[in-house]
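**Student:** Pasting the sequence and the predicted model now:
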Amino acid sequence: VFALIVFACLVGEGYTNLPSSNQLFCIFNHNEDACRYGIGIGVLAFLACIFFFMVDIYFPQISNTTDRKYLVLADLCFSGLWTFLWFVGFCFLTNQWAWTQAGDVYIGADSARAAITFSFFSIFSWVSEVVVEP
């Protein structure tokens, strides 16, 4: 859910333009990489959650213990990696937001703050996956 919120905030109001121009720019200090990173990890995290949810549904039907072991290890490793990526994303978005000039933000400040906040919450949700899983 957190990944979906981050993605939606950045796609919905993460790009804006000046009143005198039609060219869109990222609300995070005009850094396109900040918006792309947030959108990218949000979409990939959402898709991965759907995949691992489907794996959890079919997990009792998998009789081969080796396959079960590899699925659990894949889930654990992916959760650890994604915890790190959300931490990097939180730090990156926060840093870029701190350098953003107030005059550049007309609309979308609340969405930018929401993306930062929910990327922070995502760190703990993925850490809980790593800690609770084994």
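**Tutor:** Nice, I can see it.
**Student:** how near is residue 93 to residue 18?
**Tutor:** 21 Å (C-beta to C-beta, to the nearest Å). Glycine gets a C-beta too; all of them are placed from N, C-alpha and C.
**Student:** The two: who's more crowded?
**Tutor:** More neighbours surround residue 93 than the other of residue 93 and residue 18, with 27 against 12 (other C-beta atoms under 10 Å).
**Student:** for that one, helix, strand, or coil?
**Tutor:** helix (DSSP: H, G, I helix; E, B strand; the rest coil).
**Student:** All the helices of the protein, residue numbers only.
**Tutor:** 2-13, 32-58, 65-98, 109-132 (DSSP state H).
**Student:** quick check: angle from the third one to helix 32-58?
**Tutor:** Same thing as helix 65-98. 150 degrees (axes from the mean of the first three to the mean of the last three C-alpha atoms, to 10 degrees).
**Student:** Quick one: mean pLDDT over helix 65-98.
**Tutor:** With pLDDT averaged residue by residue, helix 65-98 scores 93.
**Student:** Return the list of helices and strands in contact with that helix.
**Tutor:** Contact here means 3 or more C-beta pairs under 8 Å, 6 or more residues apart in numbering; DSSP states H and E; on that basis helix 65-98 packs against helix 32-58, helix 109-132.
**Student:** Thank you, goodbye.
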